[in-house]
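**Student:** Here is a sequence together with a model predicted from it:
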Amino acid sequence: MKVSEAIARAVAREIGDTPIFALIGDANLRLVGALDLHAKAKLCFARDEGAAVAMADGYAQASHGLGVASVTSGPGLTHAATSLLAASRMRTPLVVIAGDTPRENAVGLQAMMKIDQRRFAAACEAEFQDLCSVATLAGDIRSAFHRARTRRAPVILNVPLDLQTTDVADGWTYTPSSAPTADPLAPSGVDVRRMVEAIERSEKPLILAGRGAVWSGAREELMRLGDAVGALLGTTLLAKGFFDASAWAIGGVGGFMRSARMDLVREADLVLAFGAELGHFTTQGGSLYGGRTVIRVDLAPHEVRHPSALTVQADARETAAALCAALAKAPRNGFRSAATEQRLAVPFPGGEPPPADGRIDPRKLMLGLNGLIPKGARVVVGGGHFWSFPCNYLSPPEDGAFLCPLGAAAVGQALPFAIGVAMSAPDRPVLAVEGDGSLLMNIQELDTAARHRLPIVLVIMNDSALSAEAIRLRLEGYDENLAVYPTPDFAAVAKGFGWKAETIHADVDIAELFHTHRWHYGPLLIDARISRDIIVDPVAVKDLSRKPR
């Protein structure tokens, strides 16, 4: 047995039926071939290495499990830089099996492709596990998978070409790394007492749920806690829709809020954040929670830049349950009043005149999609000026999820990420929303979705421009048309890849497209020609700090 075959057998024991997203090149050819021949792995072949890693990221985030990808050496690995950085900053457990050039005597093309892959991994904020020798083979593989799972990080398992063909002794066996099986981390008694004291001092608490609360399954416990303390219930963008069943839900907290709900957040004197990073958008650059007491509950807390913050390292569900048990039995009113109900009932502004250019109003397009998405579907939203519209107006359906592949604030990731999401549960539809300029960065992956007949509806918010850049150019006094380009015929391109596709204008009923298309028939692309007259600056930071009374 060769090292490449041993790796395949070990990977099979680590991941079971988890798919491997790959693109074959010289340095990982034997590895992928062995995975197919000896491990019978479920292989999904991408058209770009960066897309393969983005697919594995989407799979891991949607399944709450481990993602696996394989790429070739040198320039193959460097293509994956953006996706590796995004996965690292989203704390995605990921193993990237990367071929490497020979350790010694690399000649010809191999010499041209040789880079220091360890240093490259560090630049992408990914961890690195070298396959050092036959003697350390099992330990090196086990370490890569164990670190990915326990540290929640992308790990590059580096496999040099000259080692792949080395013989492994007869009788070689592999014991897989053990996945974390410990009971959920409960808060300490001291932390519970401190949190109860802060709650009892507060008059108007806000409960903020992030992705960690979703993964913990903490919805019922947090809603019970909200009832007990009279709290409003808000979410980060990645937990969008989590509290929609509650009359006291205020939606996503931060710059995408309705003004009436922003005012309510300003009145909160205590923020209880569960599984929420409290990053740039949720805190509006750190301005939103000034003067409040902030308590952050997370399994791996990041630094919180608030002098009054209490950081509790614990599971969101366990902590919410402990607080419910520790609080006085008589519920507190807090925000829960008829006056608050009236303020929550204020709708988004409506009745705006149609855009003067005759194109689709992106706000109405997103609102129109809300009733068309099947139960359990996942919504994937890419980055760019357009993302403000789905973030404001589009909600995940019942039992669905809202995912944004923006760990590195990079546009163009939505399509490959959505493919990984779809591969995690092929019976659950995926609605992906992407921009025209963004799609062109990974448009080759239309082929991957078509080959696998994935249940994806891809809505292109097509305004024939890089609108975020056009806005900035105009504000800086430059010609905005530097970022305005004639649009391709995306429907024709998608049909060439094997998709069903339609181009829609302001007078087209998008509901009819959804009613005639069956998600399980394969992917559908909708090229929606939206107006550039409706402007939301997605990078503006509003100062939402408490205002003087």
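**Tutor:** Sure thing, it's come through. Residues are numbered from 1 along each chain as shown.
**Student:** And stretch 321-333, end to end?
**Tutor:** 19 Å (Cα to Cα, to the nearest Å).
**Student:** Could you do stretch 108-118 as well?
**Tutor:** Note: stretch 108-118 ends 22 Å apart using Cα to Cα.
**Student:** Off-centre distance for it?
**Tutor:** The chain centroid and the centroid of stretch 108-118 are separated by 32 Å, computed with Cα atoms, centre = their mean, to the nearest Å.
**Student:** contact partners of it?
**Tutor:** 26-27, 73-75, 77-78, 98, 100-102, 106, 128, 130, 156, 158, 161 (Cβ atoms under 8 Å, 6 or more residues apart in numbering). C-beta: built from backbone N, CA, C; applies to glycine.
**Student:** any idea of the mean pLDDT in it?
**Tutor:** Stretch 108-118 shows a mean pLDDT of 84.
**Student:** one step back: can you flag which of the contacts of stretch 108-118 belong to strands?
**Tutor:** Counting by DSSP state E, the part of the contacts of stretch 108-118 found in strands is A98, D100, F128, D130, I156, N158.
**Student:** Give me the neighbour count for the second one.
**Tutor:** Meaning D100. Neighbour count for D100, taken as other Cβ atoms under 10 Å: 29.
**Student:** Pull the contacting residues for it.
**Tutor:** A27, S73, Q117, N158, V159, P160, L161.
**Student:** lowest-confidence helix or strand of this protein?
**Tutor:** Ranked by mean pLDDT, DSSP states H and E, the helix or strand of the chain with the weakest confidence is helix 108-113, at a mean of 78.
**Student:** C-terminal to that helix, what's the next element?
**Tutor:** Using DSSP states H and E, the helix or strand that directly follows helix 108-113 along the chain is helix 117-123.
**Student:** Now render the contacts of D100 as JSON lines, adding neighbour count.
**Tutor:** Shown next, in JSON lines, are those (neighbours: other Cβ atoms under 10 Å):
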{"residue": "A27", "neighbour count": "25"}
{"residue": "S73", "neighbour count": "26"}
{"residue": "Q117", "neighbour count": "21"}
{"residue": "N158", "neighbour count": "23"}
{"residue": "V159", "neighbour count": "26"}
{"residue": "P160", "neighbour count": "21"}
{"residue": "L161", "neighbour count": "22"}
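**Student:** In those residues, find the pair that's most separated.
**Tutor:** The two members of the contacts of D100 with the most space between them (Cβ to Cβ) are Q117 and L161, at 12.1 Å.
**Student:** Quick check: neighbours shared by the two?
**Tutor:** Common neighbours of Q117 and L161 (criterion: Cβ under 8 Å, 6+ apart): S73, D100.
**Student:** possible to save the ones in strands among the contacts of stretch 108-118 as a markdown table with distance to A62?
**Tutor:** Output for the ones in strands among the contacts of stretch 108-118, formatted as a markdown table (distance: Cβ to Cβ, whole Å):
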| residue | distance to A62 |
| --- | --- |
| A98 | 23 |
| D100 | 30 |
| F128 | 26 |
| D130 | 30 |
| I156 | 22 |
| N158 | 27 |
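**Student:** between those, which is closest to L403?
**Tutor:** Of the ones in strands among the contacts of stretch 108-118, the one sitting nearest to L403 (Cβ to Cβ) turns out to be I156, at 23.7 Å.
**Student:** returning to what we had before: and which of the contacts of D100 is nearest L440?
**Tutor:** S73 (27.2 Å).
**Student:** State the distance from the closest residue in space to that closest one that isn't next to it in sequence to D48.
**Tutor:** Among residues not flanking S73 along the chain, A27 sits closest, at 3.7 Å (Cβ to Cβ, 6 or more residues apart in numbering). Applying Cβ to Cβ, to the nearest Å, the value for A27 to D48 is 16 Å.
**Student:** can you pull out the helices in the stretch 101-250 of the chain?
**Tutor:** Using DSSP state H, counting those that start in this stretch, the helices of the stretch 101-250 of the chain run over 108-113, 117-123, 137-151, 161-164, 189-201, 211-216, 219-229.
**Student:** Of all those, which one is nearest G254?
**Tutor:** Here helix 211-216 is closest among the helices of the stretch 101-250 of the chain (Cβ to Cβ), at 14.5 Å.
**Student:** what mean pLDDT would you report for that closest one?
**Tutor:** On average, helix 211-216 scores 93.
**Student:** and for that helix, what are the contacting residues?
**Tutor:** 64, 184, 219, 222, 236, 238-239, 242, 274-276, 298-299, 315-318, 401.
**Student:** shaky segments in the stretch 51-200 of the chain?
**Tutor:** The model of the stretch 51-200 of the chain has pLDDT under 70 over residues 179-182.
**Student:** rerun that using 80 as the cut-off
**Tutor:** Scanning the stretch 51-200 of the chain for pLDDT under 80 picks out the ranges 106-112, 178-183.
**Student:** same check, this time on the stretch 401-549 of the chain
**Tutor:** 507, 518-521, 536-549.
**Student:** can you map out the strands along it?
**Tutor:** 401-403, 430-435, 456-462, 500-504, 524-529 (DSSP state E, counting those that start in this stretch).
**Student:** And for the stretch 251-400 of the chain?
**Tutor:** Using DSSP E, counting those that start in this stretch, strands in the stretch 251-400 of the chain cover 270-274, 293-298, 310-313, 378-381.
**Student:** buried stuff in the third one?
**Tutor:** In other words, strand 310-313. Using 16 or more other Cβ atoms under 10 Å as the test for burial, strand 310-313 gives L310, T311, V312.
**Student:** sorry, back to before: would TSV of the strands of the stretch 251-400 of the chain with mean pLDDT and distance to M423 be doable?
**Tutor:** Converted to TSV, the strands of the stretch 251-400 of the chain look like this (pLDDT from 0 to 100; distance: least, Cβ to Cβ, whole Å):
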stretch	mean pLDDT	distance to M423
strand 270-274	95	29
strand 293-298	93	28
strand 310-313	90	33
strand 378-381	96	12
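**Student:** Columns distance to H146 on top of those, output as CSV?
**Tutor:** Converted to CSV, the strands of the stretch 251-400 of the chain look like this (distance: least, Cβ to Cβ, whole Å):
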stretch, distance to H146
strand 270-274, 27
strand 293-298, 22
strand 310-313, 21
strand 378-381, 28
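**Student:** burial of the residue lying closest to Y289 once chain neighbours are set aside, as a residue count?
**Tutor:** Of all residues not flanking Y289 in the chain, V271 sits nearest, at 5.5 Å (Cβ to Cβ, 6+ apart). By other Cβ under 10 Å, 27 other residues sit near V271.
**Student:** Could you do L208 as well?
**Tutor:** Counted with other Cβ under 10 Å, L208 comes out at 31.
**Student:** For the remainder of this discussion, apply numbering that starts at 43.
**Tutor:** Right, with 43 as the first residue, what we last looked at is L250.
**Student:** Please export the C-alpha coordinates of stretch 470-485 as CSV.
**Tutor:** The C-alpha trace of stretch 470-485 is given here as CSV (Å, rounded to 0.1, in the frame of the first residue of the first chain):
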residue,chain,number,x,y,z
ARG,A,470,-33.6,21.1,1.3
PRO,A,471,-33.8,23.9,-1.3
VAL,A,472,-31.3,26.8,-1.4
LEU,A,473,-32.1,30.3,-2.4
ALA,A,474,-28.9,32.2,-3.3
VAL,A,475,-28.8,35.9,-3.9
GLU,A,476,-25.8,37.3,-5.7
GLY,A,477,-24.8,40.4,-7.7
ASP,A,478,-24.0,40.6,-11.3
GLY,A,479,-20.3,41.6,-10.8
SER,A,480,-20.0,39.1,-8.0
LEU,A,481,-21.3,36.2,-10.0
LEU,A,482,-18.8,36.8,-12.7
MET,A,483,-16.0,36.1,-10.2
ASN,A,484,-17.1,32.4,-9.9
ILE,A,485,-19.4,32.0,-12.8
